[in-house]
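A.B. asks: please find the sequence and the predicted model below.
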Amino acid sequence: MRGVRGGVIAPHRSMVGLPWTVWRLATTLVLSLGGFALVVASLPWLGRFWQMLFERVGAFTGIDAPIGDQQFSLPGNIHFTLPFIAAVTPQPDVGVLWIASAVAAAMVLVSFLLPERFTPLNYLLRLLALLQGSSILFFAASAEPFPYRLLDHVFVLESAGLVVMGLVPLVLGFTLHVFDLALWKKLLLTLAILTHLAVFVPLQALVHIWLVMHGTAVVMPVLFLVFGLLLDILVFVSFYGWALSWRGELERRMVRPPAHLSPKGGRT
């Protein structure tokens, strides 16, 4: 199909039917299963890397708590460790609850003062205020300490991050790899997402630790529900959306200037 100026309008990649050739099927299986195997095989190295980040970044941010490691084993004689912070979860007192209430009220107020073009941010602020308000009510009404420990919180963040990393190659195999992109682009995207998450997940856990140790357990529900696993998934979605903006091989071959509009050609 051509546009009003004679240019070729290639069909969008989502509307292009691609045959499942032996090459396409083989590369999809290699990228998917090979990527998953790469994640599993790199777990021992990944655990040591996260341990190093916990020690260095934890000291830099002033997290005054012992850093340990927990041993795990998988079938196939794969052993790895995950770092954790051996610290008592700080419980909020009345003063902290009042401060948290003031912050939640400020978020609601700001959400109504911002212009209409900030509507997505306004809804996010109200959601955060609602979750924070629920947490405040729990700590204000409950006489029992918060049962969810900081140690458990960190473990869930790290294990969830590993699960997301293991699923990345498999999910890409059912989604992105069926599109008409060059093999090196698919491989590059897989490695980019895995590398980003390998650095992001431990830093995310350290930020959560710092916030909980300074803001007490009253901030843990918001951190877990909004800034936990959801952020890991958004990292994948962001990279995936970026990859879908790349020009496919079929589209690249079709989008060429017509002969009558080329610099050296005359009109026919």
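C.D. replies: Sure thing, it's come through. Residues are numbered from 1 along each chain as shown.

A.B. asks: all helices for the stretch 1-150 of the chain, in order.
C.D. replies: 22-41, 43-61, 94-113, 119-141, 150-174 (DSSP state H, counting those that start in this stretch).

A.B. asks: got a list of contacts for the shortest one?
C.D. replies: Counting contacts by CB atoms under 8 Å, 6 or more residues apart in numbering, the residues outside helix 43-61 that touch it are 65, 67, 69, 74, 78-83, 85, 158, 162, 198-199, 201-203, 205-206, 209-210. (C-beta placed from N, C-alpha, C; glycine too.)

A.B. asks: which helix runs longest in the chain?
C.D. replies: Ordering each helix of the chain by length in residues (DSSP state H) puts helix 183-215 first.

A.B. asks: export whichever helix or strand comes after that helix as CSV, just CAs?
C.D. replies: Following helix 183-215 in sequence order, the next helix or strand is helix 220-226 (DSSP states H and E). Listed next in CSV are the C-alpha coordinates belonging to helix 220-226 (Å, rounded to 0.1, in the frame of the first residue of the first chain):
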residue,chain,number,x,y,z
MET,A,220,6.3,-1.8,54.2
PRO,A,221,2.8,-2.5,52.8
VAL,A,222,3.3,0.3,50.2
LEU,A,223,6.8,-0.8,49.4
PHE,A,224,5.7,-4.4,48.9
LEU,A,225,2.5,-3.8,46.9
VAL,A,226,3.6,-0.9,44.7
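
A.B. asks: list the contacts of residue 199.
C.D. replies: Residues near residue 199 by CB under 8 Å, 6+ apart: residue 53.

A.B. asks: same thing with residue 236?
C.D. replies: So residue 236 contacts 164, 168, 171, 193, 197 (CB under 8 Å, 6+ apart).

A.B. asks: before we move on, what about residue 225?
C.D. replies: Residue 225 is in contact with residue 131, counting by CB under 8 Å, 6+ apart.

A.B. asks: ok, it to residue 98 distance?
C.D. replies: Remark: distance between residue 225 and residue 98 (CB to CB, to the nearest Å) = 23 Å.

A.B. asks: and residue 157, by the same measure?
C.D. replies: Using CB to CB, residue 157 is found at 28 Å from residue 98.

A.B. asks: between these two, who's got more neighbours?
C.D. replies: Set side by side, residue 157 and residue 98 show more neighbours around residue 157, with 26 against 13, by other CB atoms under 10 Å.

A.B. asks: from the centroid of the protein, which residue is nearest?
C.D. replies: residue 232 (2.2 Å; CA atoms, centre = their mean).

A.B. asks: nearest residue to that residue in space, please, no chain neighbours.
C.D. replies: Spatial nearest neighbour of residue 232, chain neighbours left out: residue 164 (4.6 Å); criterion: CB to CB, 6 or more residues apart in numbering.

A.B. asks: so what's that neighbour up against?
C.D. replies: Taking CB under 8 Å, 6+ apart as the test, what residue 164 contacts is 197, 229, 232-233, 236.

A.B. asks: so who does the closest residue to residue 86 other than its chain neighbours touch?
C.D. replies: The shortest distance from residue 86 to any non-neighbouring residue, by CB to CB, 6+ apart, is to residue 66 (4.3 Å). By CB under 8 Å, 6+ apart, the residues touching residue 66 are 85-87.

A.B. asks: with that, I have no additional questions.
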